[in-house]
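Participant: Could you look at this predicted model? Sequence included:
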Amino acid sequence: MNIANFLPSSAEYVRILPEIILTLVAVLIMFLEAVLKDNQKGFFPGLSIVGLVGAGAGALIAWGDPGPAFQNMLTIDGFATFFRLLVIGVGILVIFSSADYLRREGSPGGEYYALILFSIAGQSIMASANELIMIFIGLEISSIASYILAGYLRTDSRNNESALKYFLLGSFATAFLLYGVAWIYGITGSTNLSLIHQSLASASGSTALATAAAALLFVGFAFKISAVPFQTWAPDVYQGAPAPVTAFLTVGPKAAAFAILLRVFLTAFAPITAAWMPLVWGVALATMTVGNFAAILQSNVKRLLAYSSIAHAGYVLVAVTAHSGDGSAAAMFYLAAYALTNIGAFSVVAYFSRKGEQFVAVDDFAGLAQRQPGMAAMLTIFLLSLIGVPLTGGFFGKFYIFKAALDAHLVWLTVLGLLNSAAAAYYYLRLLVVMYFKEPGEAAENLPNPGAALRVAVYASAVGTLLLGIFPGWVLDFASKAALR
């Protein structure tokens with residue numbers, strides 16, 4: 001055996017350049033956090049953004065020479081590049097929205113930014129993984145950092161509760177995922193997605209057992225995307241975590257989880273589509289319905305947006321159910337539009353809530369339009385996009401998803417999804433009414449001006465949301481070319 005055949009080539013290192021950059025910058029931040037004095041640490045947000053920009057450039061460089069890496073455990077293609085760039089962009093916006101928040105809360109530590117970078121490195125691995133073991137490694141890298149981020153403000157009991165729930169339930173879901181990996185290995189003799197596809201296509205493995213393995217894997221994925229009935233952690237964790245962390249959790253890990261869900265089910269399990277499609281159909285409908293109708297009952301804005309994120313996971317599952325290239329592209333476009341919308345919305349909530357997140361009730365937002373018309377206008381754009389109003393990214397996101405479902409003859413799922421979307425308008429419009437038509441209360445008085453970094457996060461998210469609503473073609477074309485088929 002020639003060991004040289006197993007050594008990575010220079011091209012393979014280039015293909016994991018984003019993960020290398022993210023890891024090195026995160027380690028550097030941790031080192032500097034330990035050796036620098038407190039008054040010397042103000043550059044950590046800027047250093048993190050430089051690292052993320054470098055990782056984004058690395059993703060584009062890797063895309064210039066696509067192909068497998070590390071014994072076919074990773075696949076660098078357009079699909080992986082799309083999600084790499086998406087989670088890196090999420091990281092940049094979250095860091096801009098976090099800087100002022102952490103200073104306000106008295107916890108501007110460098111470990112926060114390092115954890116964001118480590119989590120994104122794990123998500124990037126997930127997006128490019130072509131191996132179930134590699135998917136698990138990427139998932140755990142992302143998850144462990146996310147558990148810590150959820151409890152980042154250690155003196156806040158809400159943060160501690162959030163982190164504990166997230167960790168315990170996340171570990172439980174991971175056990176299902178690993179059991180599914182073991183089961184599919186026993187059936188097919190491999191954990192490589194391409195080889196699993198070949199085995200199932202040749203009918204050399206049991207379809208019934210493969211379906212059971214797919215269901216076990218789906219449990220692990222469903223937890224990460226907060227799909228019903230594995231969504232119970234999301235409202236408590238999203239409400240208790242720091243607002244910028246909540247924005248990150250609702251977008252970054254969720255996008256990466258959808259990336260592996262699409263890759264696994266549209267490649268490895270494509271030969272048994274008829275077996276798993278009814279399961280995903282039912283979960284998509286239940287997720288939309290539970291998320292939307294539970295959100296109607298909420299009086300806390302963070303909790304309302306948490307249930308909203310559950311409902312939006314249901315919309316993306318509609319695209320997964322379509323099991324087509326158009327469905328995959330629609331899911332990718334939707335996740336991009338949702339990322340911009342949700343980060344912007346939570347950034348406004350983080351700004352308005354003040355120190356200790358005192359003001360997060362829906363009624364607290366009364367009179368925001370009078371005191372801070374710019375922030376109110378931005379939040380309006382985000383809420384309209386979540387509804388799916390034309391000229392916003394959310395409109396085309398839902399349009400492409402439901403079109404893909406109709407093309408796949410999922411008529412009833414499309415009809416029920418549209419009805420859910422109409423019902424969701426109630427709780428978003430309710431917040432708009434409070435902002436514009438109620439007199440300012442205590443929360444709106446003495447509202448400080450937003451900082452420069454926060455303005456960048458909010459306005460960049462709003463511009464991106466509108467661009468996707470007016471010129472959707474540039475992202476959709478990329479998604480269509482990169483989509484799994």
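Facilitator: Looks like it came in fine.
Participant: Pretty sure residue 124 sits against residue 19.
Facilitator: Yes: here residue 124 reaches residue 19: they are 5.3 Å apart, a contact under Cβ atoms under 8 Å. Where you see a C-beta, it was placed from the backbone N, CA and C, and this is true even at glycine.
Participant: Does residue 203 belong to a helix, a strand or coil?
Facilitator: Under DSSP: H, G, I helix; E, B strand; the rest coil, residue 203 falls in the coil class.
Participant: Look at it and say how many residues are nearby.
Facilitator: For residue 203, the neighbour count with other Cβ atoms under 10 Å is 9.
Participant: Could I get the pLDDT score of it?
Facilitator: In this model, residue 203 is scored at 71, pLDDT.
Participant: hmm, back to that, which of residue 124 and residue 19 has more neighbours?
Facilitator: Ranked by neighbour count (other Cβ under 10 Å), residue 124 and residue 19 place residue 124 first, with 31 against 24.
Participant: Just the local confidence number for the more buried one, please.
Facilitator: 94.
Participant: what separates the helix or strand hosting it from the chain centre, distance-wise?
Facilitator: Using DSSP states H and E, residue 124 sits in helix 110-128. Between the mean C-alpha location of helix 110-128 and the chain-wide mean there is a distance of 12 Å, by Cα atoms, centre = their mean, to the nearest Å.
Participant: counting contacts, what elements does it pack onto?
Facilitator: For helix 110-128, the packing partners by 3 or more Cβ pairs under 8 Å, 6 or more residues apart in numbering; DSSP states H and E come out as helix 17-35, helix 44-63, strand 74-76, helix 78-105, helix 132-150, helix 243-263.
Participant: To residue 163, which of these lies closest?
Facilitator: helix 132-150 (4.3 Å; Cβ to Cβ).
Participant: Which positions within the one helix or strand residue 279 maps to qualify as buried?
Facilitator: Here residue 279, judged by DSSP H and E, is contained in helix 273-296. Applying a neighbour-count criterion of 16 or more other Cβ atoms under 10 Å, the buried positions in helix 273-296 are 275-277, 280-281, 283-295.
Participant: thinking again about what came up before, what touches both of residue 124 and residue 19?
Facilitator: Contact with both residue 124 and residue 19 is made by residues residue 55, according to Cβ atoms under 8 Å, 6 or more residues apart in numbering.
Participant: Tell me the helix or strand right after the helix holding residue 279.
Facilitator: That would be, after helix 273-296 and using DSSP H and E, helix 301-321.
Participant: Dump that following helix to PDB, restricted to CA.
Facilitator: C-alpha atoms of helix 301-321 as PDB (Å, rounded to 0.1, in the frame of the first residue of the first chain):
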ATOM      1  CA  VAL A 301     -41.700  39.400  20.100                       C
ATOM      2  CA  LYS A 302     -38.700  37.000  20.400                       C
ATOM      3  CA  ARG A 303     -41.100  34.100  21.100                       C
ATOM      4  CA  LEU A 304     -43.400  35.200  18.200                       C
ATOM      5  CA  LEU A 305     -40.400  35.200  15.800                       C
ATOM      6  CA  ALA A 306     -39.400  31.900  17.200                       C
ATOM      7  CA  TYR A 307     -42.700  30.300  16.200                       C
ATOM      8  CA  SER A 308     -42.500  32.200  12.900                       C
ATOM      9  CA  SER A 309     -39.100  30.500  12.200                       C
ATOM     10  CA  ILE A 310     -40.800  27.100  12.800                       C
ATOM     11  CA  ALA A 311     -43.500  28.000  10.300                       C
ATOM     12  CA  HIS A 312     -40.800  29.100   7.700                       C
ATOM     13  CA  ALA A 313     -39.000  25.700   8.200                       C
ATOM     14  CA  GLY A 314     -42.300  24.200   7.100                       C
ATOM     15  CA  TYR A 315     -42.400  26.200   3.900                       C
ATOM     16  CA  VAL A 316     -38.800  25.100   3.000                       C
ATOM     17  CA  LEU A 317     -39.900  21.500   3.700                       C
ATOM     18  CA  VAL A 318     -42.500  21.900   1.000                       C
ATOM     19  CA  ALA A 319     -39.700  22.500  -1.400                       C
ATOM     20  CA  VAL A 320     -37.900  19.400  -0.100                       C
ATOM     21  CA  THR A 321     -41.100  17.400  -0.600                       C
END
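Participant: avg pLDDT for that helix?
Facilitator: Per-residue scores along helix 301-321 average to 92.
Participant: now that helix, how far from the centre of its chain.
Facilitator: The answer for helix 301-321 is 11 Å, by Cα atoms, centre = their mean.
Participant: Does anything pack onto it? Which helices or strands?
Facilitator: helix 233-240, helix 243-263, helix 273-296, helix 325-353, helix 393-407, helix 411-437.
Participant: Taking helix 78-105 as reference, get the angle to the second one.
Facilitator: Yep, that's helix 243-263 we're talking about. If you take axes from the mean of the first three to the mean of the last three Cα atoms, to 10 degrees, helix 243-263 sits at 170 degrees to helix 78-105.
Participant: The fourth one now?
Facilitator: Using the same axes, to 10 degrees, the direction of helix 325-353 lies 10 degrees away from that of helix 78-105.
Participant: ok, now the shortest one?
Facilitator: Compare the direction of helix 233-240 with that of helix 78-105 by the same axes, to 10 degrees and you get 40 degrees.
Participant: now the angle from helix 233-240 to helix 132-150?
Facilitator: 40 degrees.
Participant: what residues does helix 233-240 touch?
Facilitator: Against helix 233-240 from outside (Cβ under 8 Å, 6+ apart): 150, 158-159, 161-162, 165-166, 169-170, 223, 226, 246, 249-250, 294, 300, 302-303, 305-307, 309-310.
Participant: rerun at 7 Å
Facilitator: 150, 158-159, 161-162, 165-166, 169, 226, 246, 249-250, 300, 302-303, 306-307, 309-310 (Cβ atoms under 7 Å, 6 or more residues apart in numbering).
Participant: If you compare the directions of it and helix 301-321, what angle comes out?
Facilitator: 140 degrees.
Participant: Look through this structure and tell me its longest helix.
Facilitator: helix 157-188 (DSSP state H).
Participant: what packs against the helix holding residue 279?
Facilitator: Secondary-structure packing of helix 273-296 (3 or more Cβ pairs under 7 Å, 6 or more residues apart in numbering; DSSP states H and E): helix 207-224, helix 301-321, helix 411-437.
Participant: where does this protein have low pLDDT?
Facilitator: Applying pLDDT under 70 to the chain flags residues 1-6, 204-206, 485.
Participant: ok so, going back, buried residues in the longest helix of the chain, which are they?
Facilitator: Of the residues in helix 157-188, those buried (16+ other Cβ under 10 Å) are 158-159, 161-163, 165-167, 169-170, 173-174, 176-177, 179-181, 183-185, 187-188.
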